[in-house]
Every structure is written in C-alpha cells, then in structure tokens.
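Novice: Sequence first, predicted model second:
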Amino acid sequence: MIQLLTPEGERVEHPEYHYDGDDGSIRDLYRDLVLVRRLDVEATALQRHGELGIWAQLLGQEAAQVGAGRALRRQDHVFPTYREHGVAWCRGIDPLDVLGLFRGTGYGSWDPAATGFGLYTLVIGAQTLHAVGYAMGVQRDGAVGTGDPDRDTAVVAHFGDGATSQGDVNESFVFAASYQAPVVFFCQNNQYAISEPLERQTRIPLYQRAAGFGFPGVQVDGNDVLATYAVTQAALQRAREGGGPTLIEAYTYRMGAHTTTDDPTRYRLSDEVETWKLRDPLARVEAYLRRGGLADQAFFDGIAAEADELGARLRAGVQALPEPTPHQLFDNVYAEIPDELVVQRDGYDDYLATFEGAAS
C-alpha cells in the first residue's frame, strides 16, 4: 500500500510516487480537510433536525476525496456517486447546492460542463459506464495525447467497494480497457457495502482486479492525503497521455454511518471504529504541520474560525433554499433544449396553470 504520510504525521518516501507540493500546499490541503469535515458534520446535524431528507456521510474519507479532487486539472471531468462532497468542494461546488439535493430543493444544482463535476448518481455503479463513454468521446475530440497540458483531458469515475460487485462497473472496465479510454477508476474502499464487510465481497484486494482486465491497479492509503494526491495525479497524467485506464483503490474507512438512515452499531464493533480513529486523515496532517513547525497556533485557530463561519452559513442557508418549480425539471436535461421537449415543457406549464385557475 502506498503511503507518504504515516498516521503519526511522519513523511516517508516511496520509489514511484512523490508529493511534489511545498509546505504551503500541505497547509492548503489541511484547510480543505477541515472544511470538508465541517460540511459533513453540519449536514448530518441538519438531517437530524429535519432540514434534510437524508445525508450520506463521508466522515473518515476526507483525505481520499480531497487528494483526488486537488489532483485534477481544469479540463478533467468527474463522475461521482452520492458521497463525493469533498471532491465537489475541490471543484468549486457551493456546499449549499449539495445540501439542496438532499433537501429536495434542487433537481441538479450545478452545471457539469462548467464545473467538470457531474451530478450525483444514486444508481450504484451506473456512473462508471457514463464516465467511460465520456472518456471515449474525449478521445474522439482529439483531447488525449496531444502534449498540450491545457487540452489533454482525463476522466474520473468515483465509486465504493460495494459497487465493484455490480455488473456496470465490470462492464465499464471492459470498455475502458478495449478502447484505451482516458479514465481513472477511483474506488473508495471504506470497508463496508452498507452493512456487508469487504471480506464477503472479494477474495483478493480490489486493486488486483484491474490485472484481469488488462490495465494497472494500485492501492493507496486513502487516509493519507499526500499519497492519494500523488497516486491520482500520476494516474490522471497517464490517462491524458493516452496510456489508458487505471484502477485506484483508496483504502480508507467510513467512521460514520452509510447514511443517516443506517445504524452501523448493528454490524460492526466499536473497537474497530476506535482503531481507525487512530488513522484519522486530519490528525496526521496536523501532526506533520505541528511537528515540523510549519504552522503555528494562529493558523489552526484561523482554520477553526473559518469552519465555524462555514457551519453558520450552511445552517442559515439551507433553510433559505428556494423551493423548486415543476418547470425546472426541464432546465438541465440538454445543453440546448430540443423542440420536442419545449412542447412538453410548455404543455406541462399549461396543465399546471389549470390548477392555479381552479384555486383562484
């Protein structure tokens, strides 16, 4: 397993992968980790107070998402599941737009073309096929292997360990390998497919499955933001250059529940959770910064204050999210709405207007 920063906050070397950022960039990553965790904590609390219908927690998986998200270039495109709140953060998505999906006030609150970040996918594994199709399109657009760093494009498909048991994921591996598609399959192995532990899903480490499809697989410490960044950066560059797909298994742990409707105490022991808390992705970066004298108390206090501001904005903002109109169902389906859909939209508006007239 590739690791560049130990749970105790010590830097270690790896013969193939290196983190090329400076200490300032590590401080920036720490800020991302703290704010993404605060987003998750606030959203969980909001759901408990009835402000969200449900919430998919990412507690413990922040490093896997931030490392992968910050390795992207502007032109790269991400196909997420329903838990990639940290990647959304790195792509500049307003957290309130994410909360709107779980509150039911947003049908699709951001533009995937503008942000390079697709809409959340609830159908397990379906987005991997979407990602490969998009990557094949990137190839045909001539945006792979040109040598232009501002043009060459890679695609990332995020999914969990449970999704690897889905046919869609395995079919996407076949197509990606056959067409040498510029796609990175990023699996966050958080040890549980809802309540099903990993050992009931596979007989070998997940990253080794890639060999059977004919492309590389690599396992990284998913609680190590530096290693995750370095491994993802290398896989993305390989894809951009025309080297084809890579499977990354980010070995991490879901310290919270699968969603806020789940009770993880029914299927896992508290001792297991406590063991993984010692590998907390935030704590190891903080330990590195403090041990090396790379950040003073004022820095940590400033990040904490920023997290408090974010929490306050989310608490106030989620209640102010406007209710959607039925008309909005048609807004983000096509880049240019076809005539047939215009007729359907206008007809639906006319139908709804009959109810308004009856009420008056």
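Specialist: Perfect, thanks for sending it. Just so you know, these numbers come straight off a predicted model, no measurement behind them.
Novice: Show the model's pLDDT score for the spatially most central residue of the chain.
Specialist: Centroid-nearest residue in the chain: Glu84, 2.6 Å away (criterion: C-alpha atoms, centre = their mean). Predicted confidence (pLDDT) at Glu84: the value is 97.
Novice: Who's the closest spatial neighbour of it, skipping the chain neighbours?
Specialist: Using C-beta to C-beta, 6 or more residues apart in numbering and skipping the chain neighbours, the partner closest in space to Glu84 is His158 (5.2 Å). In short, each C-beta sits where N, CA and C put it, glycine included.
Novice: tally of neighbours for the one you found?
Specialist: Neighbours of His158 under the rule other C-beta atoms under 10 Å: 28.
Novice: ditto for Pro149
Specialist: Using other C-beta under 10 Å: Pro149 sits among 10 other residues.
Novice: That one: which element?
Specialist: When elements are defined using DSSP states H and E, Pro149 is found to belong to no helix and no strand.
Novice: Could you give the number of residues near the closest residue to it other than its chain neighbours?
Specialist: Closest residue to Pro149 in three dimensions, ignoring its sequence neighbours and counting by C-beta to C-beta, 6+ apart: Arg73, at 7.4 Å. When counting by other C-beta under 10 Å, one arrives at 16 neighbours for Arg73.
Novice: residues contacting Arg73?
Specialist: Neighbour list for Arg73: 149, 153-154, 236 [criterion: C-beta atoms under 8 Å, 6 or more residues apart in numbering].
Novice: Let me see the confidence value for it.
Specialist: What the model reports as pLDDT for Arg73 is 98.
Novice: what's the helix or strand for the residue nearest to Glu84?
Specialist: strand 155-160.
Novice: can you pull out the strands in this structure?
Specialist: Counting by DSSP state E, the chain forms strands over residues 77-79, 155-160, 183-189, 192-193, 196-197, 217-221, 246-251, given from the N-terminal end onward.
Novice: For Pro326, which of those strands is the nearest?
Specialist: Taking C-beta to C-beta as the criterion, strand 77-79 is the member of the strands of the chain that comes nearest to Pro326, at 27.2 Å.
Novice: Leu58 is in contact with Arg83, correct?
Specialist: Yes. The pair Arg83 and Leu58 passes the contact test of C-beta atoms under 8 Å, sitting 5.4 Å apart.
Novice: burial measure for the spatially closest residue to Ala307 that is not a sequence neighbour, as a count.
Specialist: In space, and not counting its chain neighbours, Ala307 is closest to Arg38: 4.1 Å by C-beta to C-beta, 6+ apart. Here the count is done by other C-beta under 10 Å, and Arg38 has 20 residues near it.
Novice: just Val183 next, same as before
Specialist: Tallying neighbours of Val183 according to other C-beta under 10 Å, which is how burial is gauged here, yields 33.
Novice: List the contacts of it.
Specialist: Contact analysis of Val183 by C-beta under 8 Å, 6+ apart lists 131-132, 135, 154-157, 176, 239, 245.
Novice: Okay, buried residues for stretch 87-94 please.
Specialist: 87-91, 93 (16 or more other C-beta atoms under 10 Å).
Novice: quick one: which of these is nearest Tyr267?
Specialist: Comparing the buried residues of stretch 87-94 against Tyr267 with C-beta to C-beta picks out Val87 as the nearest, at 26.8 Å.
Novice: ranges for the helices of the protein?
Specialist: For the chain, the helices defined by DSSP state H occupy 23-48, 62-70, 85-90, 95-103, 112-115, 126-140, 167-179, 209-213, 225-240, 270-277, 281-291, 297-319, 339-359.
Novice: Give the buried residues for the longest one.
Specialist: When neighbours are counted by 16+ other C-beta under 10 Å, the buried residues of helix 23-48 are found to be 26-27, 29-47.
Novice: still on that earlier bit, the residue nearest to Ala307 and Arg254: what is the separation?
Specialist: In this structure, Arg38 and Arg254 are 18 Å apart, going by C-beta to C-beta, to the nearest Å.
Novice: quick revisit: from the buried residues of stretch 87-94, pick the one nearest Asp20.
Specialist: Comparing those against Asp20 with C-beta to C-beta places Cys90 closest, at 17.3 Å.
Novice: was I right about that closest one contacting Gly69?
Specialist: Yes. Shown here, Cys90 and Gly69 form a contact pair, counting by C-beta under 8 Å, at 2.8 Å.
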